[in-house]
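Peer 1: Model the structure of this input:
(2 chains, ligands or ions: 2)
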Amino acid sequence: MADTTDTTADGGAAAGASWDNEQSEVLLDYYRQMVLIRTFEQTASEMYKRAKIGGYCHLNSGEEATVVGLMAALERRDYLFTNYRDHGYALCRGMEPGAVMAELFGKSTGVARGLGGSMHMFDTEVRMLGGYGVVGGQLPVATGAALALTYRGEAGTEAEALMCQLGDGTTNIGAFHESLNLAAIWDLPIVYVIVNNRLGMGTSVEAASGEPELYKRGASYRMEGDRVDGNDVVAVREAAAAAMHRARTERKPFLLEAMSYRLKGHSVVDPERYRSSESSEEAKESDPLPAMRDWLLAQGVLDEDKADQIESDADQQVDDAVSFADSSPDPDPADLFDYSYATDVANAPHTLPGEPVVEMP
Amino acid sequence: MPVITYRQALNDTLRAELTRDENVFLIGEEIGQFEGSYKITAGLLDEFGPTRVRDTPIAEEGFVGAAIGAAMMGLRPVAEIMTINFSLIAMDQIVNHAAKIYGMFGGQTPVPMVIRTPGGGGQQLGATHSQNLEVWYAHVPGLKVVAPSTPADAKGLLTAAIRDDDPVIFLENLSLYNTKGEVPDGEQVTEIGKAAIAKEGTDITVIAYSRASVIAVETARKLEEEGISVEVVDLRSLRPLDRQTVCESVRKTSRAVVLEDDWLSYGVGAEISATVMEGAFDYLDAPVRRVAAAEVPLPYAKPMETAALPDAQDLTKVIREQLEATSFFR
Ligand SMILES: Cc1ncc(C[n+]2csc(CCOP(=O)(O)OP(=O)(O)O)c2C)c(N)n1
Ligand SMILES: [Mg+2]
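Peer 2: Numbers count the residues shown, from 1 in each chain, chains lettered A, B, ... in the order given. Ligands and ions are numbered 1, 2, ... in the order given. Coordinates of the predicted model:
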C-alpha cells in the first residue's frame, strides 16, 4: 500500500504526483462528480432554509475528493454502507439526483419513498445499503453483510467485496471495535473507511481519541491500515482500490483513513460557534474543488469555458433534481402501515392515533 | 414570577446544583464547548471548567457506565444522552448496572445519578431519532423515571433527581425546550413519584405526561369554552407511578382518556388503563381510551409523520367520543 498512499498526508490540497499518469477524461470525470456533489449540497442547504427539507441534513461539502475517490474504487458488484453524511455517496454510486433530492424533500419518488430522509439513502439496485443515523450503527451491519459475501461466494478477483464508511468520531464507540475484531477473526472482505474530517460535531479527533492516528486502531485486531490524503481523489481511489482488491482476493479486512475536512457545520443548522477561525480557514484553504480546478487548468486538461460548462451542467442537473422533487407527490398517509412488516401478519397494529384498537361486535 | 423557557429552567437548575454541591458534575457528548446538542448546558463549561462539565467521545455505553461507577463512589453525575434513542447503546449499563447495584449487593451502595435525555418525534428526524422509549425504563425496578411537562416541574424535578440517591432517568422532550412558563425563584424541589392535577375538571380525565400533558391542558382549555370540563392529570413521574391520583380523578369524572407519545401496545396508557380498572372500575361510565402513536417506524415525510403522531385533534375527537358514548351531550 505504501506506494499508493501518503502516510504523512495531512489533507493538503496539492494534487499528488499520481495524477500525471491519469487519463484526462478520468480526471475530468472525477472533477465533474465533485462539482455535482458540491452543487447538490449547496442546493440542499438552500432548500433546507426554504423548509423544503426537514429534520437533519448533513453535507459532504469539503469531502468531495474523498467521496469520489472512494466510489471510484468500487466495482458495480461491491456493496456500500455509510453514515448519515451520505448524499454524495448516493450520487456517485448511481442514484438519480432527482430521486436523492426527492428523498430529502420527503416525496414518494425518493430513493426510500420519502420515509428515510437525508440520513437514510438506500438503493439495492446500486448496492448502497444505507445511510445510517445512529453513530456506529452501520458497522456491525456492514460486517454481517461481508460475512454473507463469504458465505455465498469464493474469494477471487471477480468476487464481491464491501466498503463501510464511518466518521472519525465513530471510532470511539464500542460497535467499531467489536466489528473490526469480528472482521479480523472471520477474515471478511470488508474495507472500513474512516473519513477523518477532524471533527465529530464539535469535538476534535485529539480530544476524543486515545490514538488519534485512527488507522492505527486496527492494530488491536492485527488489521492492516493506512492513511491517505483525502483531498487527493486519485490517491484515495488507489488506496481504496488496493484495499478492496485485497479484500476480494485474500479476504482480509482493512482500515483506511482518509484525511479530509468538513467545510461547513456538522449539519446545515449548526452555526459552528465552537469552531476556531483557524479551523474553518484551514478547511477552506484545503478545499479540494478549486485545487483540482486549478490543477486541471494548469495542465491544460480544462480551460475556463469547459470549467464553466461543468459548473453550469451541474447547476442544471441539480435544478432538474429540485424540479423533479418539487413536483413529485407526497407519500400517502393511507399507506402508513405498508412498510412496518415485510410479511402479512395476523393482528398487525394498524390504528391511527385515537382509533379504537378493539372492534366491538 | 419569572416566565422562562423549559430550556432555561434546566440550565438554571444545573447551574444551581453545580454551585451547591461539589460532588455534582455533568458528563456527556458535546455538553461543553458545543454547549449541548440542544444548548441545555450553555455557558456551564466556562463557569465550572472541564472537571465539572466533562465532554466525552461518542461512547454512550462507556460514559453512562462511568457515571454509574462515579456515583458508586459518592459523586453525583448528571449524564446527558443526546437523545433517548442513543440510550439504547447504554441500555445494559442502565438496566443491568445502574438499576441493580443497590439491590443486588444488599443495599450497600446507592447509585445517585441522573440521566437527562430528550425523547419525542415531530421534527422529521426519521425512525431512529424520533422515539419515545421511556416506557422501557419505566418497566425496570430500581430506576426512577420522571417526565416534566412544564418549566417549573423541569426545575423542581431536576433538583429532586440530582439530590436523589437512586438512578433517575430524567425525560425531556425536543418540542418542549422552547415552551415557556412561570418558574418560582429560589430552591424548588418537586417530590418524585407524585402526579399533578395540571387542570381541574369534572367531566372527563385526561392522563398524560411530558409533551402530551401540554397538549392535554391546551385541549382542556379549548373544550372549556364549549362547556366541557376536562381534568388533566400530569403524571410527572412514570416510575414510581402515582396511581392514587389517577384513580381519584377518574372516580370523580367517571371517564378517562390517556394521551401518550409512545406506541400504544404495552405503553404507558396500558399501565394507566389497568390501574383505572383496579382502582375506579365501578365509577367508570365507559372503557378507558388511549390516544397513542401509530405503531410504525416513524416516517420522515411530514404528512406521514403527522398522521402517525397523536395530537390535539386526535385527543379532542376521542374526548368527544367518550362523552357521546356516555350520553353527556343529551
Ligand atoms: C449513538 C449516537 N450518539 C450520538 C449521536 C449524535 N451524533 C450524530 S453525528 C455525531 C458526530 C459523529 O462524528 P463523526 O463520526 O466524526 O462523523 P461526521 O459527522 O464528522 O461525518 C454525533 C455525536 C448519534 N447519532 N448516535
Ligand atoms: Mg468527523
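
Peer 1: can you tell if stretch B:285-305 touches chain A?
Peer 2: Yes - residues of stretch B:285-305 contacting chain A under C-beta under 8 Å from any C-beta of the partner chain: B:289-297, B:299-304. (Glycine included, C-beta is placed from N, CA and C.)

Peer 1: biggest separation within these, which pair?
Peer 2: B:289 and B:300 (29.0 Å; C-beta to C-beta).

Peer 1: So for those two, which sits in the more crowded spot?
Peer 2: residue B:300 (31 against 23; other C-beta atoms under 10 Å in any protein chain shown).

Peer 1: Got the confidence number for that one?
Peer 2: Listed pLDDT for residue B:300 reads 98.

Peer 1: mind listing what it touches?
Peer 2: Contacts of residue B:300 were listed using C-beta atoms under 8 Å, 6 or more residues apart in numbering or on different chains, and they are A:54-55, A:106, A:114-117, A:120, B:124-127.

Peer 1: Give the PyMOL command for selecting the buried subset of the residues you listed.
Peer 2: Buried residues among those (16 or more other C-beta atoms under 10 Å in any protein chain shown), as a PyMOL selection:
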select buried, (chain A and resi 54+55+106+114+115+116+117+120) or (chain B and resi 124+125+126+127)
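
Peer 1: about what we covered before: keep only those of the residues of stretch B:285-305 next to chain A that are in strands.
Peer 2: Under the assignment DSSP state E, these contribute B:289-293 to strands.

Peer 1: ok, of the residues you listed, which one's closest to chain A?
Peer 2: residue B:291 (4.5 Å; C-beta to the nearest C-beta).

Peer 1: What are the buried residues along the longest helix seen in chain A?
Peer 2: Among the segments of chain A that qualify as a helix by DSSP state H, the longest is helix A:24-49. In terms of neighbour count (16+ other C-beta under 10 Å), helix A:24-49 has its buried residues at A:27-28, A:30-45, A:47-48.

Peer 1: Mind checking what helix or strand follows it in sequence?
Peer 2: The first helix or strand that comes after helix A:24-49 along the chain, using DSSP states H and E, is helix A:64-72.

Peer 1: Does anything pack onto that following helix? Which helices or strands?
Peer 2: helix A:24-49, helix A:87-93, helix A:233-250, strand A:254-259, helix A:288-298 (3 or more C-beta pairs under 8 Å, 6 or more residues apart in numbering or on different chains; DSSP states H and E).

Peer 1: just how off-centre is the third one within its chain?
Peer 2: What that stands for is helix A:233-250. 16 Å (C-alpha atoms, centre = their mean, to the nearest Å).

Peer 1: Buried ones in that helix, by neighbour count?
Peer 2: Buried-residue list, helix A:233-250, by 16+ other C-beta under 10 Å: A:233-248.

Peer 1: Helices of the chain, start to end?
Peer 2: Let's take chain A. Going by DSSP H, chain A shows helices at A:24-49, A:64-72, A:87-93, A:97-104, A:138-152, A:174-186, A:205-208, A:233-250, A:277-285, A:288-298, A:304-327.

Peer 1: sorry, should have said chain B
Peer 2: B:6-20, B:44-48, B:60-72, B:91, B:101-104, B:134-138, B:151-163, B:210-224, B:243-253, B:268-280, B:302-308, B:312-325.

Peer 1: Tell me who's in contact with the closest residue to residue B:40 other than its chain neighbours.
Peer 2: Spatially, and ignoring its direct neighbours in sequence, residue B:40 is nearest to residue B:10 (5.0 Å; C-beta to C-beta, 6 or more residues apart in numbering or on different chains). Contacts of residue B:10 were listed using C-beta under 8 Å, 6+ apart, and they are B:40, B:116, B:154-155, B:158, B:172.

Peer 1: Out of these, which are close to ligand 2?
Peer 2: By C-beta under 5 Å from the ion, no member of the contacts of residue B:10 lies near ligand 2.
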